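> the following comprises the amino acid sequence and a computationally predicted model.
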Amino acid sequence: MRFLLDEDLNPAVAEIARGLGLDAVSIHEIDRRGYTDPEQLRFATSEGRVLVTRNRDDFVRLTISWFQTGDLHAGVLVVPRSLPNHRPDRIAHSLQRWRDRPGDPGLHFLAFLTP
């Protein structure tokens, strides 16, 4: 499973996640800041990456819209406010636990990361 971390997440999350064996890259690292949410989701999809974001409302709407039009994406994983951005290690470890959980959601899912 591959992850693309949205610009609203501390870029250190990607560095820590890679140290934990995750395939994670931050929008900050690849100079994609400022793109629209649909553009970021299209890019994540083209790269086969789950988009990880704090932007719950917009990506819930986007996922519903994509589902209604038959478009698929590799997934959206929402990071709740209970995982603070100034603690990138907590977010990275939660991402690792989420990746290692049993089951495979397949394409076109929306999930919420837990602390």
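Alright, I've got the coordinates.

> CA atoms for contacts and neighbours, from now on please.
Will do.

> what helix or strand is the most centrally placed residue in the chain on?
Residue closest to the mean C-alpha point of the chain, counted by C-alpha atoms, centre = their mean, is residue 52 at 1.3 Å. Assigned by DSSP states H and E, residue 52 belongs to strand 49-53.

> packing partners of that strand?
The contact analysis (3 or more C-alpha pairs under 8 Å, 6 or more residues apart in numbering; DSSP states H and E) places strand 49-53 against strand 2-5, helix 37-46, strand 76-78.

> 6 Å - rerun?
strand 2-5, strand 76-78 (3 or more C-alpha pairs under 6 Å, 6 or more residues apart in numbering; DSSP states H and E).

> and it with helix 37-46, angle?
Angle of strand 49-53 versus helix 37-46, following axes from the mean of the first three to the mean of the last three C-alpha atoms, to 10 degrees, is 150 degrees.

> quick one: mean pLDDT for strand 49-53?
What strand 49-53 shows for mean pLDDT is 96.

> report how many residues lie close to the residue lying closest to residue 66 once chain neighbours are set aside.
Among residues not flanking residue 66 along the chain, residue 72 sits closest, at 6.6 Å (C-alpha to C-alpha, 6 or more residues apart in numbering). As a burial measure, residue 72 scores 15 neighbours (other C-alpha atoms under 10 Å).

> low-confidence bits of this protein, can you list those?
By pLDDT under 70, the weakly predicted segments of the chain are 104-108.

> swap the cut-off to 80 and go again
The model of the chain has pLDDT under 80 over residues 102-115.

> that one: helices as residue ranges?
Here the chain has its helices, by DSSP state H, at 12-19, 37-46, 56-69, 88-100.

> redo the ones you listed as TSV? Include distance to residue 76.
Output for the helices of the chain, formatted as TSV (distance: least, C-alpha to C-alpha, whole Å):
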stretch	distance to residue 76
helix 12-19	16
helix 37-46	8
helix 56-69	7
helix 88-100	12
